[in-house]
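Student: with the input below, show me the fold.
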Amino acid sequence: MTDTMSTGTGRTPVGALTVAVVGTGSVGGTLGRAFARAGHTVVFGSPGSSRNTPGRSPDG
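Tutor: Numbering: from 1, shown residues only. The predicted model follows:
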């Protein structure tokens with residue numbers, strides 16, 4: 001059983017991190033989805049975008 005803590009918006013695994021992934025191509029997207037599946041919050045950044053949305057993968 002995984003330990004969890006309440007964040008006010010749901011339950012998050014203890015030790016979960018906020019991970020910033022620079023790049024939204026195949027490598028960045030793959031890494032971001034893997035971190036998200038592991039329970040981490042992911043923020044994507046792309047040098048060509050003027051607006052980055054936390055918690056959303058490049059695939060939507």
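Student: residue 47 versus residue 24, what's the distance?
Tutor: In this structure, residue 24 and residue 47 are separated by 10 Å, where distance is defined by CB to CB, to the nearest Å. No exception for glycine: its C-beta is placed from N, CA and C like everyone else's.
Student: helix or strand right after the helix or strand that residue 20 is a member of?
Tutor: With elements delineated by DSSP states H and E, residue 20 resides in strand 18-22, which encompasses its position. If you walk from strand 18-22 toward the C-terminus, the next helix or strand you reach (DSSP H and E) is helix 26-37.
Student: next, the angle from whatever helix or strand comes next after that next one to helix 26-37.
Tutor: Using DSSP H and E, the helix or strand that directly follows helix 26-37 along the chain is strand 41-45. With axes from the mean of the first three to the mean of the last three CA atoms, to 10 degrees as the criterion, the two stretches strand 41-45 and helix 26-37 enclose an angle of 160 degrees.
Student: partners of the strand holding residue 20, with directions?
Tutor: Here strand 18-22 has these sheet partners by DSSP bridges: strand 41-45 (parallel).
Student: pLDDT on the partner strand, on average?
Tutor: Strand 41-45 shows a mean pLDDT of 93 in the predicted model.
Student: now do the buried residues in that strand.
Tutor: Counting neighbours by 16 or more other CB atoms under 10 Å, one finds that the buried residues in strand 41-45 are 42, 44.
Student: how about stretch 23-39?
Tutor: Of the residues in stretch 23-39, those buried by neighbour count under the rule 16+ other CB under 10 Å are 24, 28, 29, 31, 32, 35, 36.
Student: rebuild the residues you listed as TSV, extending it with pLDDT.
Tutor: Below are the buried residues of stretch 23-39 laid out as TSV (pLDDT from 0 to 100):
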residue	pLDDT
24	88
28	94
29	94
31	95
32	95
35	94
36	94
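Student: bridged to residue 20, which residues?
Tutor: The bridge-partner assignment for residue 20, based on DSSP bridges, gives residue 43.
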